[in-house]
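Peer 1: Curious how this folds, go ahead:
(2 chains)
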Amino acid sequence: GAGVSQTPSNKVTEKGKYVELRCDPISGHTALYWYRQSLGQGPEFLIYFQGTGAADDSGLPNDRFFAVRPEGSVSTLKIQRTERGDSAVYLCASSSYRYTEAFFGQGTRLTVV
Amino acid sequence: GESVGLHLPTLSVQEGDNSIINCAYSNSASDYFIWYKQESGKGPQFIIDIRSNMDKRQGQRVTVLLNKTVKHLSLQIAATQPGDSAVYFCAENNGDDKIIFGKGTRLHILP
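Peer 2: The predicted structure is shown next:
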């Protein structure tokens, strides 16, 4: 596609439920990032993939959060037993290689009620 | 704490004037810096980047300055326009390919 695509754009879920957020990066981009952004804050790093492997997952807040990228393209961020504090905009970005800008998607707004 | 931060949370500038947005970073290992613009309801949009082997880089109406001695980065926007209203983030690649963002500065354009 022309840009990074994230689905859904909005997700409302009940506390305790499981959610999956999808990211389709720009074709050919090997690097993929997930960020979480709360209102009035900068994007907070969660995890970074280089190809299929998670090169750095140090930003995942706890073991309820997990992300995969099985074929080195589409990535899914998975959140188990959601809590109200998980409510935020989840941003995905991709880049072609190091020292190039990361292109962001529009984000998925997750609301846990 | 965060390794990238900004001096001012909000900056108001008269339309047509130049804007200067500042950023401090603390990780001396960072070797790549990026400025992003984020409009309401959208993802961050790349503006300009600079590598640590440079101290200045110019784009269309924008200039980024890097002072590695004091770990300071700035974004200059020439002839600020209403469409420049947004939140601006500086971000750094900390040497581990992890891009870290600061809190952001909201740029408000006065008519």
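Peer 1: and the lowest-mean-pLDDT helix or strand in chain A, which residues are buried?
Peer 2: Between all helices and strands in chain A, the lowest mean by mean pLDDT, DSSP states H and E belongs to strand A:53-56, at a mean of 88. In terms of neighbour count (16 or more other Cβ atoms under 10 Å in any protein chain shown), strand A:53-56 has its buried residues at A:54, A:56. Where you see a C-beta, it was placed from the backbone N, CA and C, and this is true even at glycine.
Peer 1: ok, then the element right after that strand?
Peer 2: Using DSSP states H and E, the helix or strand that follows strand A:53-56 in sequence is strand A:65-68.
Peer 1: so how far is that following strand off the chain centroid?
Peer 2: With Cα atoms, centre = their mean, to the nearest Å as the basis, strand A:65-68 stands 9 Å off its chain's centre.
Peer 1: Check stretch B:11-18 too.
Peer 2: What separates the centre of stretch B:11-18 from the centre of its chain is 16 Å, taken as Cα atoms, centre = their mean.
Peer 1: Likewise for stretch B:40-49?
Peer 2: Offset of stretch B:40-49 from its chain centre (Cα atoms, centre = their mean): 11 Å.
Peer 1: hmm, that stretch touching chain A?
Peer 2: Yes - using Cβ under 8 Å from any Cβ of the partner chain, stretch B:40-49 reaches chain A at B:41-46, B:49.
Peer 1: Out of these, the closest to B:Ser28 would be?
Peer 2: For these, the minimum distance to B:Ser28 (Cβ to Cβ) is 18.4 Å, reached by B:Asp49.
Peer 1: Quickly list what the closest one is bridged to.
Peer 2: B:Ile34 (DSSP bridges).
Peer 1: does it really touch B:Ile34, like I thought?
Peer 2: Yes - under the criterion of Cβ atoms under 8 Å, B:Asp49 makes contact with B:Ile34 at 4.5 Å.
Peer 1: rewinding a little: pairing partners for the least confident helix or strand of chain A, with directions?
Peer 2: strand A:44-50 (antiparallel).
Peer 1: Pull the residues that contact the partner strand.
Peer 2: For strand A:44-50, the surrounding residues in contact (Cβ atoms under 8 Å, 6 or more residues apart in numbering or on different chains) are A:30-38, A:54-61, A:65, A:67, A:69, A:72, A:75, A:77, B:97-101.
Peer 1: Now which of those would you call buried?
Peer 2: Buried members of those, counted by 16+ other Cβ under 10 Å: A:30-37, A:54, A:56, A:59-60, A:65, A:67, A:69, A:75, A:77, B:97-101.
Peer 1: nearest residue to residue 79 other than its sequence neighbours?
Peer 2: Assuming you mean chain A. Distances taken as Cβ to Cβ, 6 or more residues apart in numbering or on different chains place A:Val19 nearest to A:Ile79, at 5.1 Å, with adjacent residues excluded.
Peer 1: meant chain B actually
Peer 2: In space, and not counting its chain neighbours, B:Ala79 is closest to B:Gly16: 5.8 Å by Cβ to Cβ, 6+ apart.
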